[in-house]
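Q: this one's sequence-less:
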């Protein structure tokens, strides 16, 4: 079978994190152990029971976000995985299925749904929020590459091997950098060894913000700091939004 790739989209060039920082991703093992052994949800604000969907990063699946989802459930949210197996990249039919899943969760939970996306999963959450803003309460992303050069990371070559499009030209109905018309928090780490932090920062505005944490890229899925920021955002009353103040 012959695969035809779409033309490359020119973006501001951003270098991936250096090898030394990439190798430091090994600290994610310790971050996972600390998150597993130390449950600090009692320190965090409880929610109102609304629906939450968590999207895994590239090469990950719902098993990877299980601990995060379990902690969110303990905070009184109706939490769901994305339900599409391993995230190997954007494939045909995925966006329609994510839109269907969002509407089903919204109907079951009785209101707008918050969406949390780790890394590539954050791009999915953003895009679905653009397409279905009436069903989305807010979006939180962690380590999500969405600004500038989509090759500003250490995973783009593998992504292109596994998919039928260039990483800078994903088959999306909207421009990648366009913000969804709902509150959006982009969590980033200067210690990210996979995605250049410059590619994850969206600035600050009336309904969007960038929040820094200390974590590896992989460890963002198992970070109490990420959970604390997320819990703070989710606990805001429906229809209101204020910047994160820590």
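A: Received the coordinates, thanks. Worth saying up front: this structure is predicted, and the values here are computed from it rather than measured.
Q: and residue 207, what is it in contact with?
A: If a contact means C-beta atoms under 8 Å, 6 or more residues apart in numbering, then residue 207 has 179, 181-184, 241 as its contacts. Where you see a C-beta, it was placed from the backbone N, CA and C, and this is true even at glycine.
Q: out of those residues, which are buried?
A: 179, 182-184, 241 (16 or more other C-beta atoms under 10 Å).
Q: Return the set of buried residues in stretch 123-135.
A: So, applying 16+ other C-beta under 10 Å, buried residues of stretch 123-135: 123-132, 135.
Q: right, and the pair among these with maximum separation?
A: The span of the buried residues of stretch 123-135, defined through C-beta to C-beta, is set by 123 and 135 at 17.9 Å.
Q: Can you tell me what sits against the single longest helix found in the chain?
A: Assignment by DSSP state H gives helix 94-109 as the longest helix of the chain. Residues outside helix 94-109 that contact it (C-beta under 8 Å, 6+ apart) are 49-51, 53, 78, 80, 82-84, 112-113, 115, 124, 127-128, 131-132, 135-136, 172-173.
Q: Now do the next helix or strand after it and helix 94-109, the angle between them.
A: Downstream of helix 94-109, the first helix or strand assigned by DSSP states H and E is strand 113-118. On the basis of axes from the mean of the first three to the mean of the last three C-alpha atoms, to 10 degrees, strand 113-118 is oriented at 130 degrees to helix 94-109.
Q: Who are the packing partners of strand 113-118?
A: Strand 113-118 sits against strand 51-55, helix 94-109, helix 120-131, strand 136-142, helix 224-234, with contacts defined as 3 or more C-beta pairs under 8 Å, 6 or more residues apart in numbering; DSSP states H and E.
Q: Quickly run through the sheet partners of the first one, with directions.
A: Looking back up the chat, that one is strand 51-55. Using DSSP bridges, the strands paired with strand 51-55 are strand 78-80 (parallel), strand 113-118 (parallel).
Q: want to throw the buried ones among the contacts of residue 207 into a markdown table with distance to residue 194, pLDDT and secondary structure?
A: As requested, these are exported to a markdown table (distance: C-beta to C-beta, whole Å; pLDDT from 0 to 100; DSSP: H, G, I helix; E, B strand; the rest coil):
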| residue | distance to residue 194 | pLDDT | secondary structure |
| --- | --- | --- | --- |
| 179 | 23 | 96 | coil |
| 182 | 26 | 97 | coil |
| 183 | 26 | 98 | coil |
| 184 | 21 | 98 | strand |
| 241 | 29 | 95 | coil |
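Q: Specify which member of those is nearest to residue 20.
A: residue 184 (31.2 Å).
Q: Let's have the strands paired with strand 51-55 in TSV, adding distance to residue 16, mean neighbour count and mean pLDDT.
A: Below are the strands paired with strand 51-55 laid out as TSV (distance: least, C-beta to C-beta, whole Å; neighbours: other C-beta atoms under 10 Å; pLDDT from 0 to 100):
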stretch	distance to residue 16	mean neighbour count	mean pLDDT
strand 78-80	32	20	98
strand 113-118	18	28	98
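Q: Same list (those strands) but as TSV, adding distance to residue 103.
A: TSV is the format used below for those (distance: least, C-beta to C-beta, whole Å):
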stretch	distance to residue 103
strand 78-80	12
strand 113-118	9
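Q: Out of the ones you listed, which gets nearest to residue 167?
A: Residue 167 lies closest, by C-beta to C-beta, to one member of the strands paired with strand 51-55: strand 113-118, at 16.8 Å.
Q: Good, wrapping up.
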